[in-house]
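**Student:** model the structure of this input:
(3 chains)
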Amino acid sequence: MKEPLLASCPSESEPQSLGGPVIGIIGSGDFSRSLAIRLVACGFKVVVGSRDLNRVARGLFPDGVELRSQREAVDSAEKVVFAAVYPAHYHTLVGLRQQLAGKVLVDVSNATRLNSGEKSNAERLAELFPQSRVVKGFNNIAAWALQVGAHDGSRQVPICSNCPDSKATLLQLARHLGFSPVDFGGLCASKDIEEAPLMLFPSWGGPILITFLLFLFFYGYNFMRLILLPYLDKGENNFYQLPLVTVNETLPAVALVTLALVYLPGLLAAVFQLGRGTKYKRFPHWLDCWLCRRKQLGLLSFLSAVLHAVYSMCLTLRKAAQYTLLNAAYHQMKGGVENSWVEQQVWRSDLYLSCGILGFGVLTLLDITSLPSVGNALNWREFTFVQSGLGYAALTLSVMHTLFFGWDFAFFPVAYPYYLPPLYLLALIPPCIVLVGRIFLALPCLALRLAKIRRGWESARLWLPNNQEPGSVEVDPPQSFGDI
Amino acid sequence: MKEPLLASCPSESEPQSLGGPVIGIIGSGDFSRSLAIRLVACGFKVVVGSRDLNRVARGLFPDGVELRSQREAVDSAEKVVFAAVYPAHYHTLVGLRQQLAGKVLVDVSNATRLNSGEKSNAERLAELFPQSRVVKGFNNIAAWALQVGAHDGSRQVPICSNCPDSKATLLQLARHLGFSPVDFGGLCASKDIEEAPLMLFPSWGGPILITFLLFLFFYGYNFMRLILLPYLDKGENNFYQLPLVTVNETLPAVALVTLALVYLPGLLAAVFQLGRGTKYKRFPHWLDCWLCRRKQLGLLSFLSAVLHAVYSMCLTLRKAAQYTLLNAAYHQMKGGVENSWVEQQVWRSDLYLSCGILGFGVLTLLDITSLPSVGNALNWREFTFVQSGLGYAALTLSVMHTLFFGWDFAFFPVAYPYYLPPLYLLALIPPCIVLVGRIFLALPCLALRLAKIRRGWESARLWLPNNQEPGSVEVDPPQSFGDI
Amino acid sequence: MKEPLLASCPSESEPQSLGGPVIGIIGSGDFSRSLAIRLVACGFKVVVGSRDLNRVARGLFPDGVELRSQREAVDSAEKVVFAAVYPAHYHTLVGLRQQLAGKVLVDVSNATRLNSGEKSNAERLAELFPQSRVVKGFNNIAAWALQVGAHDGSRQVPICSNCPDSKATLLQLARHLGFSPVDFGGLCASKDIEEAPLMLFPSWGGPILITFLLFLFFYGYNFMRLILLPYLDKGENNFYQLPLVTVNETLPAVALVTLALVYLPGLLAAVFQLGRGTKYKRFPHWLDCWLCRRKQLGLLSFLSAVLHAVYSMCLTLRKAAQYTLLNAAYHQMKGGVENSWVEQQVWRSDLYLSCGILGFGVLTLLDITSLPSVGNALNWREFTFVQSGLGYAALTLSVMHTLFFGWDFAFFPVAYPYYLPPLYLLALIPPCIVLVGRIFLALPCLALRLAKIRRGWESARLWLPNNQEPGSVEVDPPQSFGDI
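**Tutor:** Alright, predicted model coming up:
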């Protein structure tokens, strides 16, 4: 196949730099099998080394895979050898030191548990085989992804190693298999890479907890105010409200407050910067964390809003609603009221419904851009527009929704049974603070100063070259909801 | 531009290994034009070879594209030549054998129809030009994708060839044009690559059929039970229920059963493994297929659930609902019932609505992770948590939704007109089986044995190195909904 | 680390062609810092050159980054130097000409404003440093993306340069950092690359404007017909309808017309092609633009449909609805009507609700495929099926929805107060035109001729090789909704 005219052509390099057609895999487990399937599908020769050939079900491996002893497998591998065995069994491989010397030895193992003080598996492997070039990677790909792997181009594969060449080889190999490798630097990064697959939504813990506590508090408040106290006091039985009505009164409050929590840290950051007159000082840790959790808070706020919307639209399906209506009809009849129309009530309900629906719509647009594939298609300015512009629009509309809902009740003592204000009044406080703060920061005097600071201009060093990208202020990662 | 200091720099290799700046295209059709546009945009020189230059509208090609005779085009191409002509016209190119010898000849054609017994176009081309290196690829990219191509980074381009070097060249070229090439191995794969663009949702046929049949059956059952028989029997005219009410009673049943079908195969797989005491035996074919269709079943179940939700929320919009209410009011009045409130009914309706809404919410979260861009961002553990954990939560909530809806009716003969049980009772059977089975498998004795088997530990060979990734059991492709 | 046995191995090339471990960055702003963080994370040595070291907060840079003078930074950079300073400060770098000679100088700046007649920053830089190889790129990546960068594999990075080698180096570097570089050719492209980040949804302006104007017109029409005229005429006060009812009558009309506008241009294109008997003539500009905006129109139509759906489902929540019902009950009672049931009305409402819900469902499926990650997973045939097949299904269902809603009212004079037809009649005109036109084009005589033309067969040159992919007619970019 090779003719002189190509022999010297650099494109030669690729297949060779992939360690040549023959790749070795030690171990015959599932990962080994899946990896073999993918490698063969991508045109490599694969030699799988098993410790006990008789026990390996040949049928599970595709054609084009040779099953051999571990030693033979390593020998026949031209450059790259995958160690697809339990880290616990690494010591069983020391016999292969000679064969593995100088070869690229890939550690594909996951950590067995989080934050174990110990060394990473890859580092242990590197110690066991000082003469091999240990590379860490591929561990975050499930075996299925290797077997099917279609439409998986955007699956990122972190890879690290102390040997740049070997790393480069694995980077190419990963790309060749249709993944997007990311270079994580030296073996020191292997610990993180190994633990990544054990993480369970690490960035969601805090936000979920906060949302949940808010829900508990508001639910309890409503329960006490509208159900328990009236029961103890007048013996009213409103317990039927527990499963749906009370929940549906709690959810919007949660949504409103969490949405406010999305925009509050941005304001605080701005205040910090104004106060310090520079953006080159790190924020207090709690603020940094908060800023990095805005996206999650925003999505949880959206979730509450969705649930509130669905609950509300189901309200008229409830038997309770029917009965109330029927009884109302009965009393209207008895009272001989021909027309029960109350213009003010009509306007009120229509207005708060409209605001609610529009606010909800804006919030939805906002959250669609949180989908990676959509967000990636936006440039910085579009992202800011959506997150900040639409975000504040949604916040304002939700506040109006609540205000119209509350209408003028707030000014009648009857709204304060047992001196407890209605829930929506409490829920309005944070968003109102945010909106007022935002308007305050929009005052020219402050806004201009802030803009200067953001551009890195500090009174003293206007001349210093700085980032030309307003977006890249570290206070303002755009993957977070909204900005200052 | 080239200075000695760089002349020997390896980075040289890339442009050269891309066949140098000049790339040839035979044929001047749409694909040829679009390809030329993209290549020029990416900094290549392009020579398009047409059979009759006079007939080609020069204006359709961008500047930087030379229009020549086919022979000249091939000659001036340094290494890569695209054959953008109908496979039917390949024979017209035999005159160019000499010019094409040793060059990389790219077949970009699609199959004309599925499962034709014949050879693939690429294989035919390879026979016609034994001295050229035929590469198959780029056929799955529509011309538009070549012209616009933005945000298309994740578009995968399968490529195969018997010549590793030429393949490597095309892989690089595809990457260079902003696609994600995937190496499909030798030319033998070209058949699949050519037929792929003709497939119409291949993985959806079965699930859609099953869902549709379920719908038909349940709809027919409801029609007979609630409309036809009462009509024949007492002459009741309920036909007005056909368009909406009956459909809305059928959909939840379909959703419930299909959701159960998502989790059933996982249980069966577990039973198989327990029975055989190993995971290294292939499952019967039907089970494998079923396991691979769980995602589709899950999405169809979700679709039915969504429709059911929307239908239900529209119930009160129906004139029928209004009339019923008005008549009820009339009769309450006549009956002089001041308060028609029935506490039990209130609780029942609120409870089944709540369960329904929550179950629906969980199902939605579940389905969001089915979006490629979201799913790719999850690691294995997160995926399992969502698919299995949330999945069973949704199933349980839906079952409760149905039970609360049915309440105690099931125990009254009136619920069995013509001895036909209400639909929701039938629909409850599969999910209940699944839930019971799941609980059964969670019994320590079984669960532990299963876990051991999953880790590949078989009584006899605990010492055999195995896959360290619980996820990668082939019974359990995580792209499928839920797991065992 | 390097042993002879590998010294000559091509995989060497990769790290070297990445400009070796040491990369220089001029400027110490945010972008510089973020870039440094990512580079170090990917295993490069980074030397940052600042003009005034004392002023740079060392703490902001990660370990592994050397802070030096600009001159030293450039000197120690082996090959690649990033110019992360304001374009306004480029002239301050001329002192480094000698050091920068022969090196790859990367311009990462954004344009300061759109359509400025001036040269691009990159071109200016190239003039200032004729001996350096200026490459444009990385400017569309926000600093945060550089810092976090996870799951960002599909982020495309346009890169252009007049020096192929340097461009190749940067392409590799970008890929190495986990982005998807796209080669945009020569420096002439730098203008577009610099302005891209300033664009604000460029493709949405027109469609949004059209949708908005449609909304205004229909809203005004409804306002005049149902509120203003009756008020002036009979003094009826229907103003309470303004916030919700009127909006909800306007939205479906907007949705219907915009959806028709999605499919109209396809028909026009077909007519043009039939008339000219060829597809190799450009369409008039307005048609091209229209064809390219179908996706946006479709999404806006969907948005209106969603809002209409939500509004409608909230109708029964309105106090107004309650009052109307109560009064109805009162009058039924007074009138002594025991059963107000009107079979025809029941059928009508159920039918239009069903059609509406189904049409909405189909439209939703349609729009899910507009998500990049989903659309990329579809092949051409699937995309056409969804966009064209489902699209027309949705259109037909929406038309039926409207017809059933209108029922036979259209034939009574009462439907034409002040001789103004109801809005839904007006809104029905465009979709009906589209459907009729579509049926017309489906007539065998026309359909066959069109198919021939689409395949590029023109009476005169049946023998001319053409594109084998029906999809790639430029009239029909499938990223747009529906096709002909």
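**Student:** same question for stretch A:443-452: list its buried residues.
**Tutor:** A:449-450 (16 or more other Cβ atoms under 10 Å in any protein chain shown). For glycine as for every other residue, the C-beta is placed from the backbone atoms N, C-alpha and C.
**Student:** quick check: mean pLDDT of that stretch?
**Tutor:** Taken as a whole, stretch A:443-452 has an average pLDDT of 91.
**Student:** just the CA atoms from that stretch would do, formatted as PDB, please.
**Tutor:** Output in PDB follows, covering the C-alpha atoms of stretch A:443-452 (Å, rounded to 0.1, in the frame of the first residue of the first chain):
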ATOM      1  CA  LEU A 443     -27.000  56.000  39.000                       C
ATOM      2  CA  PRO A 444     -24.500  57.600  36.600                       C
ATOM      3  CA  CYS A 445     -22.000  58.500  39.300                       C
ATOM      4  CA  LEU A 446     -21.700  54.900  40.500                       C
ATOM      5  CA  ALA A 447     -22.300  53.300  37.100                       C
ATOM      6  CA  LEU A 448     -19.400  55.200  35.500                       C
ATOM      7  CA  ARG A 449     -17.000  54.500  38.300                       C
ATOM      8  CA  LEU A 450     -17.900  50.900  38.300                       C
ATOM      9  CA  ALA A 451     -17.500  50.600  34.500                       C
ATOM     10  CA  LYS A 452     -14.000  52.200  34.800                       C
END
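**Student:** roughly how far apart are the residue of chain A at minimum distance from chain B and chain C?
**Tutor:** Distances between chain A and chain B by Cβ to the nearest Cβ are smallest at residue A:143, namely 2.8 Å. Using Cβ to the nearest Cβ, to the nearest Å, residue A:143 is found at 21 Å from chain C.
**Student:** near chain B at all, the strand or helix carrying residue A:384?
**Tutor:** If you go by DSSP states H and E, residue A:384 is part of helix A:380-384. No. Using Cβ under 8 Å from any Cβ of the partner chain, helix A:380-384 stays clear of chain B, with a minimum separation of 12.4 Å.
**Student:** any idea which helix or strand in chain A has the lowest mean pLDDT?
**Tutor:** Across the helices and strands of chain A, mean confidence by mean pLDDT, DSSP states H and E is lowest for helix A:4-7: a mean of 29.
**Student:** what sits against residue A:114?
**Tutor:** The contact partners of residue A:114, taken as Cβ atoms under 8 Å, 6 or more residues apart in numbering or on different chains, are A:195, A:198-199.
**Student:** quick check, pLDDT for it.
**Tutor:** With respect to pLDDT, residue A:114 scores 81.
**Student:** coming back round to it: may I ask which of the contacts of residue A:114 has the most neighbours?
**Tutor:** Greatest neighbour count in these, by other Cβ atoms under 10 Å in any protein chain shown, goes to residue A:195: 19 neighbours.
**Student:** surely that one meets residue A:112?
**Tutor:** No. Counting by Cβ atoms under 8 Å, residue A:195 stays clear of residue A:112, with 9.8 Å between them.
**Student:** wait, a strand at residue A:181?
**Tutor:** Yes. Counting by DSSP: H, G, I helix; E, B strand; the rest coil, one finds residue A:181 located in a strand.
**Student:** hang on, it packs against residue A:175?
**Tutor:** Yes. Here residue A:181 reaches residue A:175: they are 5.9 Å apart, a contact under Cβ under 8 Å.
**Student:** ok, the two, which is more surrounded?
**Tutor:** Between residue A:181 and residue A:175, residue A:181 has the larger neighbour count (other Cβ under 10 Å), namely 26 against 22.
**Student:** for the more buried one, give me its contacts.
**Tutor:** By Cβ under 8 Å, 6+ apart, the neighbours of residue A:181 are A:137, A:156-159, A:170-171, A:174-175, C:178.
**Student:** would you list the residues you listed in JSON lines and tack on secondary structure?
**Tutor:** Below are the contacts of residue A:181 laid out as JSON lines (three-state DSSP):
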{"residue": "A:137", "secondary structure": "coil"}
{"residue": "A:156", "secondary structure": "strand"}
{"residue": "A:157", "secondary structure": "strand"}
{"residue": "A:158", "secondary structure": "strand"}
{"residue": "A:159", "secondary structure": "strand"}
{"residue": "A:170", "secondary structure": "helix"}
{"residue": "A:171", "secondary structure": "helix"}
{"residue": "A:174", "secondary structure": "helix"}
{"residue": "A:175", "secondary structure": "helix"}
{"residue": "C:178", "secondary structure": "coil"}
